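Q: 3D model of this:
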Amino acid sequence: MAYDADLTDLFKKCTNEDLNTIVEYITQKGSLTESLTTSEEYKQHAPNHTEYIGKIIDEIQRFGGDAIANMFRGKGVKYREITEDVAKHFKIKYNDNMSTSEIEQDIIATVIKQAWEKMKEDDRIAILRDANVDINSLDEETKKILIKGDFSLLKGVVLSTVFMQILIKVTGFKAYQISVIVANMVAKAVLGRGLALAGNAALVRSLAVFTGPIGWIITGLLTAPLITGPAYRVTIPCVLHIAMLREKYS
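A: Reported below is the predicted structural model:
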């Protein structure tokens, strides 16, 4: 069984439903090169994904590595390296002292911020109202950020992270709820359907306006890379989904 310090223990906590979207990213978006569906474990146990988490991890690692390099070393790369690679794709700065979870959170925050920037003002107001925010009670600086999408007041700081903190404070959402919104919209953009997450249906419906902006971002980022390069069409959705699962079980 493949072991990855950032994935194995987490996946052991997951349900089949948690892992199903990851399996779909691998088998649908990596269909030309994936080997999961030809493995004996998959053939014997699918769709009981918890029975072959090692094979799922192995596939994620292989998609995260260079195809030619994988041939020589006989395996892919650790999830930490994949997360760093996705962060670079989003132009997110990180350092060795940051945990993998912290990098994942910065990626989630960046997606939310980019989506917020692309929205129309009416959409921003609609989201805040759906979250029962009293817009008139907000101070002018917060209104400028959340309604106008103007981040000029946040110069000199990590914009995405600070924006997410403001959004959480104003709306009352938890970090996990934000990660569900992102993971759900990524699934819609990539697989054509949202997540089947019990207890979050109302949240997802109320924030359906996110679908367009996040969909545009993800579609742009999933443009096919060089054939020997990291398979972003698999790794980006997987990292965003795994970030959500880590919040869920933290």
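
Q: residues near residue 115, how many?
A: For residue 115, the number of neighbouring residues by other CB atoms under 10 Å comes to 23. To be clear about C-beta, it is placed using only N, CA and C from the backbone, and glycine gets the same treatment.

Q: For it, pull up the helix or strand it's in.
A: helix 100-118 (DSSP states H and E).

Q: same for that helix, what does it pack against?
A: With contacts defined as 3 or more CB pairs under 8 Å, 6 or more residues apart in numbering; DSSP states H and E, the packing partners of helix 100-118 are helix 79-89, helix 159-171, helix 175-191, helix 211-221, helix 232-248.

Q: Which elements pack onto the first one?
A: Same thing as helix 79-89. Helices and strands touching helix 79-89, as assessed by 3+ CB pairs under 8 Å, 6+ apart, comprise helix 53-64, helix 100-118, helix 232-248.

Q: So what's the gap between it and the chain middle?
A: With CA atoms, centre = their mean, to the nearest Å as the basis, helix 79-89 stands 12 Å off its chain's centre.

Q: Hey, what's the angle from that helix to helix 100-118? Just curious.
A: Calculated by axes from the mean of the first three to the mean of the last three CA atoms, to 10 degrees, helix 79-89 forms an angle of 20 degrees with helix 100-118.

Q: buried ones in helix 79-89?
A: Judged by neighbour count using 16 or more other CB atoms under 10 Å, the buried positions of helix 79-89 are 79, 80, 81, 82, 83, 84, 85, 86, 87, 89.

Q: contacts for it?
A: With CB atoms under 8 Å, 6 or more residues apart in numbering as the contact definition, helix 79-89 has outside contacts at 4-7, 57, 60-61, 63-64, 94, 100, 103-104, 106-107, 221, 230, 232, 235-236, 238-239, 242.

Q: Output the buried residues of helix 79-89 as JSON lines; include the columns distance to residue 176 and pLDDT.
A: What follows is those, written out as JSON lines (distance: CB to CB, whole Å; pLDDT from 0 to 100):
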{"residue": "79", "distance to residue 176": "20", "pLDDT": "96"}
{"residue": "80", "distance to residue 176": "22", "pLDDT": "96"}
{"residue": "81", "distance to residue 176": "25", "pLDDT": "94"}
{"residue": "82", "distance to residue 176": "22", "pLDDT": "94"}
{"residue": "83", "distance to residue 176": "18", "pLDDT": "96"}
{"residue": "84", "distance to residue 176": "23", "pLDDT": "95"}
{"residue": "85", "distance to residue 176": "24", "pLDDT": "91"}
{"residue": "86", "distance to residue 176": "20", "pLDDT": "91"}
{"residue": "87", "distance to residue 176": "20", "pLDDT": "93"}
{"residue": "89", "distance to residue 176": "24", "pLDDT": "87"}
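
Q: Give me the below-cutoff pLDDT ranges for this protein.
A: Within the chain, the set of residues satisfying pLDDT under 70 comprises 1-2, 66-75, 155-158, 197-209, 211, 222-230.

Q: If we use 80, what do you get?
A: Low-confidence segments of the chain, defined by pLDDT under 80: 1-2, 31-32, 65-76, 130, 153-159, 196-230.
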